[in-house]
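In: Here is a sequence with its predicted model. Questions after.
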Amino acid sequence: MIELTGVSRTFRTRAGDIEALRAIDLTVAEGEFLAVIGRSGCGKSTLLRLVAGLLRPTEGRVSVGGAPVARPRRDVALMFQRPALLPWRSVLGNVLLPLEIHGQAHRIKQSAGERERARALLDSVGLAGFHKRLPHELSGGMQQRVALCRALVQRPRVLLMDEPFSALDALTREELAGQLQQVHMEVRPTTIFVTHSIQEAVLLADRVAVLGARPGRVRRIIAVDIPRPRSFGHNAHLADVTARVAELTDLLHATDAPMKALLDSGPAG
């Protein structure tokens, strides 16, 4: 479904070239949920923007559904760290916005089905009764739920998520991770989820891609073959979840070992 072949991306600045990604080979299957983790600056967000068509690779090829990605596509939705809701529009109006942007306003007016789908999405993430509220009347977690519904309302084939829960408190993040699990099991968009949180990656993903320090390269891909739904509460799969978190934690430390050794060695004598 999503394929990156030999993808590198270099940014040219006045201070010199910055190589963000190098020789990325990555495939994401139809309906799969892939989490991408790594240290800050390793190119995780750059990778998402390449798949979204917001950037072009310096080298290599990015394709979605067998077609090269040259520009943003209607069947690819991107969700950012901040919800970026329009403050003057209701919750329901914000969710319906992508349909209007893509020239489907007449359909919204004529078809109760589109509005009903938007309402159903809001209800599924715990926002029943909030359809007519304005964004400033919602908490940060509720606003991000609205942003998720807005991303899903077009029935995208691909959902790209750039640390969407990073600004939220730990309890709200865990609640949203649980709701995202449920949504993904029902809707099944092909998903790439960028996160700093190993726990989040294990709770959500079918596989986790670990990127090394800049320039970002795929160091390892770990399968998370644990039945859903997953949580850190007391359940039959808690030991498996905890073990996978430990495995990924050790792997991330291992990918940083060369830099740690350099720092520990001190200045050359």
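Out: Perfect, thanks for sending it. Numbers count the residues shown, from 1 in each chain.

In: all helices of the chain, in order?
Out: 44-52, 91-101, 105-110, 112-124, 140-152, 170-187, 198-204, 238-255, 257-265 (DSSP state H).

In: Out of those, flag the one nearest Ala35.
Out: Among the helices of the chain, the nearest to Ala35 by Cβ to Cβ is helix 198-204 (3.7 Å). (Glycine included, C-beta is placed from N, CA and C.)

In: Next one, pLDDT for the residue nearest to Ala201 when sequence neighbours are not counted please.
Out: In this structure, Ala201 finds its nearest non-sequential neighbour in Ala35, 3.7 Å apart by Cβ to Cβ, 6 or more residues apart in numbering. For Ala35, the model assigns a pLDDT of 96.

In: Show me what Ala35 is bridged to.
Out: On DSSP bridges, the residues paired with Ala35 through beta bridges are Phe193, Val208.

In: pretty sure Ile2 is touching Thr190, no?
Out: Yes. Assessed by Cβ atoms under 8 Å, Ile2 is found in contact with Thr190 at 6.2 Å.

In: who touches both of these two?
Out: Val28, Val158 (Cβ atoms under 8 Å, 6 or more residues apart in numbering).

In: What average pLDDT does stretch 2-15 get?
Out: For stretch 2-15, the per-residue pLDDT averages 92.

In: burial measure for the nearest residue to Pro229 once chain neighbours are set aside, as a count.
Out: Of all residues not flanking Pro229 in the chain, Gln181 sits nearest, at 5.2 Å (Cβ to Cβ, 6+ apart). Residues lying near Gln181 (other Cβ atoms under 10 Å) number 17.

In: if I look at Gln181, how far off is Ser124?
Out: Computed as Cβ to Cβ, to the nearest Å, the Gln181 to Ser124 distance reads 12 Å.

In: before we move on, what about Arg173?
Out: For Arg173 relative to Ser124 (Cβ to Cβ), the value is 18 Å.

In: Confirm for me that Glu114 is in contact with Leu96.
Out: Yes. In this structure, Glu114 is within contact of Leu96 by Cβ under 8 Å, at 7.1 Å.

In: Those two - which one has more neighbours?
Out: Of the pair Glu114 and Leu96, Leu96 is the one with more neighbours under other Cβ under 10 Å, namely 22 against 18.

In: any idea how far Gly178 is from the more buried one?
Out: Leu96 is 25 Å from Gly178, where distance means Cβ to Cβ.
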